[in-house]
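Engineer: what's the 3D shape of this:
(chains A, B and C)
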Amino acid sequence: MLQNSARTSPKPGKQLKKAFFGRSVHEVAPDLIGATFLVDGVGGIIVEVEAYHHTEPAAHSYRGPTPRNSVMFGPPGFTYVYRSYGIHWCVNFVCEKAGSASAVLIRALEPTHGIPRMRRRRGLPDERSLCSGPGKLTEALGITHAHNGLPLDAAPIALYARTAKPDVVTGLRIGITKAVDLPWRYGLRDSKFLSRPFA
DNA sequence: CTGGTGATCAACT
DNA sequence: GTTGATCACCAGC
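Structural biologist: All right, here's what the predicted structure looks like:
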């Protein structure tokens, strides 16, 4: 049996509704660990996320609305997809309430659904590397700017609640240079599918 | 294992 | 002109 694996809860729970996201980003983020995230039936179990809020300078919404981040200022329960370093895509879930401009960055999945399709999109890397980073998982799931602003409770997206409470650890967010001291990274303890281990 | 670097674009100074 | 919520690849331990 797989140790350190979210597959100890193999069956996805009920589909998450918009109300799930209409709470503090610091409640939603840890609650997403163990949920199943699919796009067109392809994806896996969320094992790593980060919370961002417009009151702290690491957030894209910190300086107010722009064409890129406008979805963050809208109602919760929608995707915010942006281009990262000119090359990759990253996907967030908008939380709290309209104007709060808070979101959870999805950073890593444990692949469970459509693994052959993800391998083709990613150029056949090992399963451990399919979704172990924010840019990797969007490539594996086929997420692009075309998926910005989509509702999280309707096709092509599907989100299923976890059925058991996982062992969630926290740490410092990765790849930022502002507000580096905030421990708003959340992960499944000892998962092999993290973008990087927790300290 | 670690560290350096290029790719390439929206937002910012 | 510079900076980033990144990744793959390569060199050198």
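Engineer: contacting residues for the closest residue to A:W184 other than its chain neighbours?
Structural biologist: With sequence-adjacent residues excluded and distances taken as C-beta to C-beta, 6 or more residues apart in numbering, A:W184 is closest to A:A51, at 4.2 Å. Any C-beta I mention is one placed from the backbone N, CA and C, and that applies to glycine too. The contact partners of A:A51, by C-beta atoms under 8 Å, 6 or more residues apart in numbering, come to A:25-26, A:28-29, A:102-105, A:184, A:186.
Engineer: where in chain A is pLDDT low?
Structural biologist: A:1-11 (pLDDT under 70).
Engineer: got the residues of chain A near DNA strand B?
Structural biologist: A:63-64, A:66-69, A:83, A:85-87 (C-beta under 7 Å from any atom of the strand).
Engineer: wait, which of those residues is closest to A:L16?
Structural biologist: A:N69 (22.9 Å; C-beta to C-beta).
Engineer: neighbours of the closest residue to that closest one other than its chain neighbours, how many?
Structural biologist: Leaving aside its sequence neighbours, A:N69 sits nearest to A:H60 (C-beta to C-beta, 6+ apart; 4.6 Å). Neighbourhood size, A:H60 [other C-beta atoms under 10 Å]: 18.
Engineer: what's near enough to touch A:H60?
Structural biologist: A:52, A:68-69, A:72, A:82.
Engineer: try A:C95
Structural biologist: Contacts of A:C95 (C-beta under 8 Å, 6+ apart): A:21-25, A:28-29, A:76, A:102-104.
Engineer: A:P156 and A:L141: what is the separation?
Structural biologist: Here A:P156 is placed at a distance of 10 Å from A:L141 (C-beta to C-beta, to the nearest Å).
Engineer: check A:G64 too.
Structural biologist: From A:G64 to A:L141 the distance is 30 Å (C-beta to C-beta).
Engineer: and those two? Which one has more around it.
Structural biologist: Higher neighbour count among A:G64 and A:L141: A:L141, with 31 against 9, using other C-beta under 10 Å.
Engineer: can you give me the helices in chain A?
Structural biologist: A:25-32, A:115-122, A:134-141 (DSSP state H).
Engineer: how about the last one and DNA strand C, any contact?
Structural biologist: Yes: using C-beta under 7 Å from any atom of the strand, we find that helix A:134-141 touches DNA strand C at A:134-136.
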